[in-house]
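K.L.:
Kindly return the folded structure for what I paste below:
(one chain, ligands or ions: 1)
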Amino acid sequence: MRELKPNVYAVGAIDWDRRLFDELIPLPDGTSYNAYLIKGSEKTALLDTVDPAKADVLIDNLVEVGIDRIDYVVAHHGEQDHSGSIPDILMLYPDAKVVTNAKCKGMLIDLLNIADDKFVTIEDGQTLSLGDKTLQFVYIPWVHWPETMGTYLQEDKILFPCDFFGSHLATSSLFVDDEAVVYEAAKRYYAEIMMPFRGQIIKNLEKIQVLEIEMIAPSHGPVYDKPEFIINAYQDWISDRVKNEVVLPYVSMHDSTRKMVEHFVDALIERGITVRQFKLSATDIGKLAISLVDAATIVVGSPTVLAGAHPMAAYAAILANALRPKTKFASIIGSYGWGGRMVEQLTGLLSNLKVELLEPVAAKGCPKDDDFTALDKLADQILARHKELGIAD
Ligand code: FEO
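P.N.:
You can find the predicted model right below:
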């Protein structure tokens, strides 16, 4: 248990050892499930709970604060890493009501079997008095589920935005103490969780900026006591600006595609273009996701196997397609033995991206002079497009 401000406590759990989220997302630095307790002069509210695996930590923290009554459990989000311990809290504090919006209420009934009469349903902008402290609810849909909302604690000027602005980072510091470390973790989190909903994030960012905010206390990672740090970072990530960068996830079986990748990377570097190359058989997909936040171009490298793209290349394409980065250009490079539909398959898998597809390069067997010339032309084309955007010299 730690105190953000008088009578505002962090009572969540640090999960130092977790290495995978949703059985998909790597957590190189663990994570935390942040819950906050607000003691007003008349009522006490708990904002979110923790992942069920850490319910005992939450309960110990509540005991440490020394409260014998919780009046409200505010549920910002239905996902179980925050809502999953609500049933435990309702058992311990049977008079507590779950405060949330109608959509989240439906999800909590579906996911956790919470009884209908346990809920108090609120609307966007509504306030709830705890006596000397006032909670104001702010709908922030699609960060990253449709029901998500935040709470603004008016008197203390703290915004609790749930997953929005979060970072998967286990740290003993309550507040951000190393901006470079938190920037990387928050960008990873944005890339993996928020980027597909960039349009909604833009609207939500505008919405919360009318509030006077001294602290942002998200549901993962440290609390921002200098909110402009993370707000400025988000404004950069959600902007339409892209950078003079090519992201190049690739896989190679017998070195033909690898030789093409090496030549192509050299060609891009010679043209002053930043390259981020990822060997998919040994890649942290979070790093790949981070690189997609800003890059102007993605090029996928794949051999042909079983008449199509290598499954690892297909996985990268599906991932990029789902994350919907603001990338402007795409292409495919790779090799084949006697035929197949590798290029068509990968192109199809990138259909969500609003990109111009630049002429792919597919080599028959080991790449020859013609193939290297085609790769040079692709690099020329990328440079020309980046110049048109005003991001390359
Ligand atoms: Fe951290 Fe969407 O739950």
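K.L.:
and the top helix by length along the chain, what other elements does it pack with?
P.N.:
In the chain, taking DSSP state H as the definition, the longest helix is helix 369-388. Judged by 3 or more C-beta pairs under 8 Å, 6 or more residues apart in numbering; DSSP states H and E, helix 369-388 is in contact with helix 256-270, strand 295-302, strand 329-336, strand 361-364. Where you see a C-beta, it was placed from the backbone N, CA and C, and this is true even at glycine.
K.L.:
all helices for the stretch 201-350 of the chain, in order.
P.N.:
In the stretch 201-350 of the chain, the helices defined using DSSP state H, counting those that start in this stretch lie at 227-238, 256-270, 285-292, 311-323, 342-349.
K.L.:
okay, those helices in a markdown table with mean neighbour count and distance to the ligand next?
P.N.:
Converted to a markdown table, the helices of the stretch 201-350 of the chain look like this (neighbours: other C-beta atoms under 10 Å; distance: least, C-beta to the nearest ligand atom, whole Å):
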| stretch | mean neighbour count | distance to the ligand |
| --- | --- | --- |
| helix 227-238 | 17 | 16 |
| helix 256-270 | 20 | 35 |
| helix 285-292 | 21 | 15 |
| helix 311-323 | 20 | 16 |
| helix 342-349 | 20 | 25 |
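K.L.:
now these in TSV, with mean pLDDT?
P.N.:
TSV is the format used below for the helices of the stretch 201-350 of the chain (pLDDT from 0 to 100):
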stretch	mean pLDDT
helix 227-238	98
helix 256-270	98
helix 285-292	96
helix 311-323	97
helix 342-349	97
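K.L.:
With distance to Glu123 added, can I get those in a markdown table?
P.N.:
What follows is these, written out as a markdown table (distance: least, C-beta to C-beta, whole Å):
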| stretch | distance to Glu123 |
| --- | --- |
| helix 227-238 | 25 |
| helix 256-270 | 52 |
| helix 285-292 | 35 |
| helix 311-323 | 32 |
| helix 342-349 | 41 |
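K.L.:
ok so, going back, next one: the longest helix of the chain to chain centre, how far?
P.N.:
Per C-alpha atoms, centre = their mean, to the nearest Å, the displacement of helix 369-388 from the mean C-alpha position of its chain is 32 Å.
K.L.:
Tell me if stretch 26-33 is near the ligand.
P.N.:
No. Using C-beta under 6 Å from any ligand atom, stretch 26-33 stays clear of the ligand, coming no nearer than 7.3 Å.
K.L.:
Just the C-alphas of that stretch, formatted as PDB.
P.N.:
Extracted C-alpha coordinates of stretch 26-33, given in PDB (Å, rounded to 0.1, in the frame of the first residue of the first chain):
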ATOM      1  CA  PRO A  26       5.400 -10.600 -24.200                       C
ATOM      2  CA  LEU A  27       6.000  -8.900 -20.900                       C
ATOM      3  CA  PRO A  28       9.800  -8.500 -20.700                       C
ATOM      4  CA  ASP A  29       9.500  -6.300 -17.600                       C
ATOM      5  CA  GLY A  30       6.400  -7.900 -15.900                       C
ATOM      6  CA  THR A  31       3.400  -5.700 -15.200                       C
ATOM      7  CA  SER A  32       1.200  -4.400 -12.400                       C
ATOM      8  CA  TYR A  33      -2.600  -4.400 -11.800                       C
END
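K.L.:
Now look at stretch 77-95 and say if it contacts the ligand.
P.N.:
Yes. Shown here: stretch 77-95 in contact with the ligand (C-beta under 6 Å from any ligand atom) through 77, 79, 81-82.
K.L.:
what's around Cys366, how many residues?
P.N.:
As a burial measure, Cys366 scores 12 neighbours (other C-beta atoms under 10 Å).
K.L.:
for Gln126, same thing?
P.N.:
With other C-beta under 10 Å as criterion, Gln126 counts 13.
K.L.:
again with Thr127
P.N.:
Here the count is done by other C-beta under 10 Å, and Thr127 has 11 residues near it.
K.L.:
residues contacting the residue of the stretch 51-200 of the chain found nearest the ligand?
P.N.:
Relative to the ligand, the nearest point of the stretch 51-200 of the chain is Glu79 (3.7 Å; C-beta to the nearest ligand atom). Taking C-beta atoms under 8 Å, 6 or more residues apart in numbering, we find Glu79 in contact with 145, 163.
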